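Participant: Just the structure for this:
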Amino acid sequence: MPEVRQKKISKLILALTVTSGLLLTVCTSLFSLYFEYQRDVHLVEREIDRVIRSSLISLGKNLWEGDEEHVLLQLESLMSVPTIRYLKIDNSDQISGVTLGSPVNQREAIASSFPLSYTHNGQDIQLGVLYLQGSTLNARNEALHHLPAIILTQATTVFLVSLLVYFLVHKLVIRHLATMSFFVRHMHPSNTNGPLQLSRQASEPPDELDEVANAINELRNNLQESYAELQATNENLKNDIAERKLIEEQLRTAKTTLENVFDSIIPLCITDTNHRITQSNHSYNTVFGKPNRNGSPMKCYESRPGDQCRTTECPLYKIQSGAREVAYETNKQESDGSRKYFVIHSRPFIDESGNLLGSISSFHDITARRSAEEAREKTVAELQKALAKVKLLSGFLPICASCKKIRDDKGYWNQIEEYIHAHSEAEFSHGICPDCVKKMYPDLNIEFKKG
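Facilitator: Numbering: from 1, shown residues only. As a prediction, this is how the structure comes out:
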């Protein structure tokens, strides 16, 4: 595993440890100083109380005797105690107003009062009260004098302990966390590096760091398995996409081909099993009109009514009955009075499962053929009629040798032109030939052009 840099958490732990240690040092030093100060104050009070009480009896005797000089000497000896700063005897009939020293600031004062008495004939006689004020200034100065040494000692101890804690935390936890972070950051499914291994002796049973490392390795294994499955899925998906694109291309080609075929010059329409025209091409719409009314598909017998509609001769009925193909002729009268003739071929329209959806019909215009057939039939009839007449004139005709009249089948004699006109399509126009002109009109000198 590569070396990893020291991260911010290490510095943060060190900073927090040192800061909290210093704060704790200051707090403990202040508490220690406070308790030491209170202890010194208590010692001062005890010392003052011991000194005063040891002098109360002799002081009471001197007051009883009115020996002011010895009273002052005793008070001066008490003032020699460093902590006593102020003495005063009050409420004394023998000596009054005796004061030594000056009052102490209330924040630094230790104030006490002691009753002064004398035992005379077995009776305690109250002579007055001794007021005393001691100073804690020496105790406070002593405590403040020791404060830097205490803080320095405590701070040094805390800093050394913090370094030790930091070293232990870094060695036992932080460096392994950094190793895990580096491993996870560079972990990739395609990475063939081995599992995460911490640079330490594995514990038995596994501790928290071992559990985390095992969880990361398990995550790595799951990630690699998922990545392999994902690659296989992606490969299959690529193949499926390629196959689907090929199928889509084939479908587009088939659709284009089908549209080109469907939109051919031949009228086509698709009719469902309820006789509704669901689809028609442009040629059908041009010939029969669009098969819809107010957006709804029209029935086939509404779009192109015929003799077969709604009978057993209906092509759709025959297809529903099992016919594979139905062909019949129909015609449509145009707005100009002419008629168009069509041959209709209907076949079953089925889905991919073979279920019957309706019929698909094509309409072949045979108007030209029908017209040609009618013209041919008319010509044949005319030819047959003319042939019959030709045969009639080509037979044996009785004709007069003199007047040239022809006898018919009934025995009547008819002029030759009348007979031929009645038995043929020939028409006659009368004229006179040159020979007859010379014979009948000899006086006329008429010349006839040849040809």
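Participant: in what helix or strand does I344 lie?
Facilitator: Of the helices and strands defined by DSSP states H and E, I344 is found in strand 339-350.
Participant: residues in contact with that strand?
Facilitator: Residues from elsewhere that reach strand 339-350 (CB atoms under 8 Å, 6 or more residues apart in numbering): 267, 270-271, 287, 315-316, 319, 324-334, 356-367, 369-370. C-beta coordinates here come from the backbone N, C-alpha and C atoms, glycine included.
Participant: Quick one: buried ones out of those residues?
Facilitator: Neighbour-count burial (16 or more other CB atoms under 10 Å) applied to the contacts of strand 339-350 gives 267, 270-271, 287, 315-316, 319, 326, 328, 330, 332, 358-363, 365-366, 370.
Participant: Sort out for me which of those are in strands.
Facilitator: 270-271, 326, 328, 330, 332, 358-363, 365 (DSSP state E).
Participant: least confident pick among those residues?
Facilitator: Among those, K332 has the lowest pLDDT, at 78.
Participant: And for the nearest residue to that residue once chain neighbours are set aside, the neighbour number?
Facilitator: Leaving aside its chain neighbours, K332 sits nearest to K340 (5.1 Å; criterion: CB to CB, 6 or more residues apart in numbering). Counted with other CB atoms under 10 Å, the neighbours of K340 add up to 16.
Participant: shift numbering so it begins at 57
Facilitator: Done: numbering now begins at 57, and the last item shifts to K396.
Participant: so how far is K434 from K396?
Facilitator: According to CB to CB, to the nearest Å, K396 and K434 sit 19 Å apart.
Participant: Give me the distance from the helix or strand hosting Y90 to the chain's centre.
Facilitator: For Y90, the enclosing helix or strand under DSSP H and E is helix 64-121. How far helix 64-121 lies from its chain's middle: 71 Å, per CA atoms, centre = their mean, to the nearest Å.
Participant: Could you pull out the buried residues of the helix or strand following it?
Facilitator: Going down the chain from helix 64-121, the next helix or strand is helix 124-135, by DSSP H and E. Neighbour counts over helix 124-135 (16+ other CB under 10 Å) mark 127, 130-131, 134 as buried.
Participant: Would you mind giving those residues as JSON lines with distance to V154 and pLDDT added?
Facilitator: Shown next, in JSON lines, are the buried residues of helix 124-135 (distance: CB to CB, whole Å; pLDDT from 0 to 100):
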{"residue": "V127", "distance to V154": "6", "pLDDT": "79"}
{"residue": "Q130", "distance to V154": "10", "pLDDT": "81"}
{"residue": "L131", "distance to V154": "7", "pLDDT": "81"}
{"residue": "L134", "distance to V154": "12", "pLDDT": "80"}
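Participant: ranges for the strands of the stretch 357-506 of the chain?
Facilitator: 382-389, 395-406, 412-421, 462-463, 469-470 (DSSP state E, counting those that start in this stretch).
Participant: Just put those strands in TSV and tack on distance to L439.
Facilitator: Output for the strands of the stretch 357-506 of the chain, formatted as TSV (distance: least, CB to CB, whole Å):
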stretch	distance to L439
strand 382-389	27
strand 395-406	24
strand 412-421	28
strand 462-463	25
strand 469-470	26
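Participant: Save the ones in strands among the buried ones among the contacts of strand 395-406 as a markdown table, and put in distance to M354 too.
Facilitator: Shown next, in a markdown table, are these (distance: CB to CB, whole Å):
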| residue | distance to M354 |
| --- | --- |
| I326 | 13 |
| T327 | 10 |
| V382 | 20 |
| Y384 | 20 |
| T386 | 17 |
| K388 | 15 |
| G414 | 14 |
| S415 | 15 |
| I416 | 17 |
| S417 | 14 |
| S418 | 19 |
| F419 | 16 |
| D421 | 21 |
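Participant: of the strands of the stretch 357-506 of the chain, which approaches T312 most closely?
Facilitator: Checking those against T312 by CB to CB gives strand 412-421 as the closest, at 18.6 Å.
Participant: Please parse the protein into its domains.
Facilitator: The chain breaks down into these domains under automatic domain parsing: 64-215, 245-252+262-318, 323-429, 452-507.
Participant: Give me the distance between the two termini of the third one.
Facilitator: One end of domain 323-429 to the other measures 23 Å (CA to CA, to the nearest Å).
Participant: Quick check: which ranges of the stretch 157-306 of the chain have low pLDDT?
Facilitator: 248 (pLDDT under 70).
Participant: how much does the helix or strand hosting N270 deviate in direction from strand 324-328?
Facilitator: Assessed by DSSP H and E, N270 sits inside helix 264-318. Using axes from the mean of the first three to the mean of the last three CA atoms, to 10 degrees, the inter-axis angle of helix 264-318 relative to strand 324-328 is 120 degrees.
Participant: and the nearest residue to G116 once chain neighbours are set aside, which of the three is it?
Facilitator: When the adjacent residues along the chain are set aside, G116 lies closest to Y174, with 4.5 Å between them (CB to CB, 6+ apart). The three-state label given to Y174 by DSSP: H, G, I helix; E, B strand; the rest coil is strand.
Participant: hang on, isn't Y174 packed against W120?
Facilitator: Yes - with contact defined as CB atoms under 8 Å, Y174 counts as touching W120 (4.0 Å).
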